[in-house]
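K.L.:
Make a model of this:
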Amino acid sequence: MYPEAYLERLESDPGIICICFNRPRAKNAISIRLLQEFRECLDLILLDPSVRVLIIKSSTPGSFCSGADLVERRSMTKEQVDSFLLDLRNALSTLENLPIPTIAAIDGPALGGGLELSLACDLRIIGHSVSKIGLPETRLGVIPGAGGTQRLTRLLGISKAKSLIFTARSLTPAEALEWGVVDFIASPGDCAYTKALELAREISANAPLALRAAKLAISCALEMSLESGLDLERALYEPLIDTRDRTEALKAFKEKRAPMFVGA
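P.N.:
Numbering: from 1, shown residues only. Now for the predicted structure:
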């Protein structure tokens with residue numbers, strides 16, 4: 001039986017890892033099994049200190065994640081649906097709280113739960129020719145149920161989030177970039193994964209401990225007062241001064257070469 005979500009390690013870039021969604025016939029709709037395997041992948045990443053950047057992508061070109069598997073949903077009991085939604089919430093919280101930078105490579109439709117999943121990543125890159133990205137739930141008689149009302153509001157602000165969710169509209173890549181739903185559009189002829197890998201390499205060249213500290217400080221910023229945030233920033237800054245990577249960075253700067261970070 002083929003996996004519906006699996007880890008892909010890059011021999012050329014040991015610090016970069018991918019989670020690949022692998023349900024091409026269902027446009028990577030989130031099934032119970034895909035969600036379980038996705039959570040297992042996240043658990044493995046949490047246990048691997050060598051991972052510096054995570055990319056989430058489709059195993060097949062032209063796809064990302066079309067949301068929950070509505071075909072499977074029709075055969076589920078209310079208890080199963082409740083359990084699925086709780087598991088999805090926990091998985092996306094785990095993704096959002098990973099200590100490493102995360103990138104969603106959106107090379108196909110990202111609707112409902114698919115967009116909500118990408119909102120739990122730090123950065124989003126969309127393919128130039130992607131046709132649909134949005135939260136269509138109100139058109140289906142419900143609301144976004146995997147964090148969309150919360151993460152989109154924190155990302156865009158109240159008015160823009162209300163506009164997108166109330167209208168259930170799908171955005172083009174250019175509109176998604178203009179609204180701030182995504183951070184980059186891949187160049188024509190390139191896929192989002194190509195751009196994501198380029199960005200991941202740029203990120204992973206930096207000190208791993210510093211990246212983790214920076215992510216934590218930035219992620220907490222909106223939930224804290226300015227003074228509390230400045231205190232946290234200082235608390236995260238201090239331990240980095242005495243690390244081997246800090247010493248290596250200063251030595252490399254003096255010698256006019258690229259530093260070789262080890263994450264210690």
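K.L.:
for this structure, which strand is longest?
P.N.:
Counting by DSSP state E, the longest strand found in the chain is strand 13-21.
K.L.:
Now do the helix or strand that comes right after that one against strand 13-21, angle only.
P.N.:
Moving toward the C-terminus from strand 13-21, the next helix or strand (DSSP states H and E) is helix 32-46. Going by axes from the mean of the first three to the mean of the last three C-alpha atoms, to 10 degrees, helix 32-46 is angled at 160 degrees with respect to strand 13-21.
K.L.:
So what's the gap between whichever helix or strand comes after helix 32-46 and the chain middle?
P.N.:
Per DSSP H and E, the first helix or strand lying C-terminal to helix 32-46 is strand 53-58. How far strand 53-58 lies from its chain's middle: 7 Å, per C-alpha atoms, centre = their mean, to the nearest Å.
K.L.:
ok, and what's touching strand 53-58?
P.N.:
Residues outside strand 53-58 that contact it (C-beta atoms under 8 Å, 6 or more residues apart in numbering): 15-22, 24, 28, 45, 64-65, 95, 98, 100-105, 107-108, 117-118, 121, 192-193, 196-197, 200, 203-204. C-beta coordinates here come from the backbone N, C-alpha and C atoms, glycine included.
K.L.:
which parts of the helix or strand containing residue 71 are buried?
P.N.:
In the assignment (DSSP H and E), residue 71 maps to helix 70-73. With burial defined by 16 or more other C-beta atoms under 10 Å, the residues of helix 70-73 counted as buried are residue 72.
K.L.:
Then stretch 60-70?
P.N.:
For stretch 60-70, by 16+ other C-beta under 10 Å, it's 60, 63-69.
K.L.:
Now do it: everything it contacts.
P.N.:
Contacts for stretch 60-70 (C-beta under 8 Å, 6+ apart): 21-22, 24, 26-31, 34, 57-58, 84, 88, 104-115, 117-118, 130, 191-192.
K.L.:
How many residues are close by residue 75?
P.N.:
Counted with other C-beta atoms under 10 Å, the neighbours of residue 75 add up to 7.
K.L.:
That one: what secondary structure?
P.N.:
With DSSP: H, G, I helix; E, B strand; the rest coil as the basis, residue 75 sits in coil.
K.L.:
just residue 7 next, same as before
P.N.:
Residue 7 is classified as strand under three-state DSSP.
K.L.:
what separates the closest residue to it other than its chain neighbours from residue 8, distance-wise?
P.N.:
Leaving aside its sequence neighbours, residue 7 sits nearest to residue 41 (C-beta to C-beta, 6 or more residues apart in numbering; 5.2 Å). The gap separating residue 41 from residue 8 is 10 Å, by C-beta to C-beta, to the nearest Å.
K.L.:
my guess is residue 42 meets residue 96, correct?
P.N.:
No - with contact defined as C-beta atoms under 8 Å, residue 42 does not reach residue 96; the gap is 10.5 Å.
K.L.:
give me every residue that touches residue 121.
P.N.:
56, 95-96, 102-104.
K.L.:
tell me the SS of it?
P.N.:
coil.
K.L.:
biggest helix in the chain, by residue count?
P.N.:
For the chain, the helix with the greatest residue count under DSSP state H is helix 78-96.
K.L.:
Now that helix: buried residues?
P.N.:
84, 88, 91-92, 94-96.
K.L.:
same thing with stretch 145-155?
P.N.:
Quick answer for stretch 145-155 (16+ other C-beta under 10 Å): 145-149, 151-152.
K.L.:
Next: stretch 124-143.
P.N.:
So stretch 124-143, judged by 16+ other C-beta under 10 Å, has buried residues 124-128, 130, 132-137.
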